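please work out how this folds:
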Amino acid sequence: QVQLVESGGGLVQAGESLRLSCAASGSIFRIHAMAWYRQAPGKQRELVADITSGGITNYADSVKGRFTISRDNAKNTVDLQMNSLKPEDTAVYYCNAELSTSMFGIRRTYWGQGTQVTVSS
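Numbers count the residues shown, from 1 in each chain. Okay, here's the model as predicted:
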């Protein structure tokens with residue numbers, strides 16, 4: 001079994017910052033890509049940022065320059081530092097990891113339960 005557990009969501013005012021964290025645990029052999037997605041009410045889930053095991057990052061245009069994704073491969077964690085938050089960043093944020101549970105196992109994608117981020121104007 002693999003679990004992804006997020007933490008760090010909350011209610012902030014526009015312009016403030018939040019840091020989300022996600023820890024993966026369980027029968028993990030290797031974690032490949034890790035990512036943060038978000039889903040606002042009435043909208044589809046969208047990619048916010050992702051990061052490879054080698055540290056290559058990718059960001060949605062809407063968060064470039066404001067959000068920073070980072071990971072600790074030794075701890076199986078991924079963080080999302082969110083600065084200059086806007087009301088349109090309000091959403092449930094989900095951690096995502098593509099990983100293998102054994103040396104020759106296939107890659108599978110796992111999701112966290114989500115954490116609410118609310119930005120008031």
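
residue 80: what's it in contact with?
Contact analysis of residue 80 by Cβ atoms under 8 Å, 6 or more residues apart in numbering lists 19-21, 36, 48-49, 67-69, 93. (Each C-beta comes from the backbone N, C-alpha and C, glycine too.)

same thing but 7 Å
20, 36, 48-49, 67, 69 (Cβ atoms under 7 Å, 6 or more residues apart in numbering).

which two in these are spaced the farthest apart?
Spatially, the most separated pair among the contacts of residue 80 is 20 and 49, at 10.5 Å (Cβ to Cβ).

any chance of the contacts of residue 80 in JSON lines, plus distance to residue 78, pLDDT and secondary structure?
As requested, those are exported to JSON lines (distance: Cβ to Cβ, whole Å; pLDDT from 0 to 100; DSSP: H, G, I helix; E, B strand; the rest coil):
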{"residue": "20", "distance to residue 78": "9", "pLDDT": "98", "secondary structure": "strand"}
{"residue": "36", "distance to residue 78": "7", "pLDDT": "98", "secondary structure": "strand"}
{"residue": "48", "distance to residue 78": "11", "pLDDT": "98", "secondary structure": "strand"}
{"residue": "49", "distance to residue 78": "9", "pLDDT": "98", "secondary structure": "strand"}
{"residue": "67", "distance to residue 78": "12", "pLDDT": "98", "secondary structure": "strand"}
{"residue": "69", "distance to residue 78": "7", "pLDDT": "98", "secondary structure": "strand"}
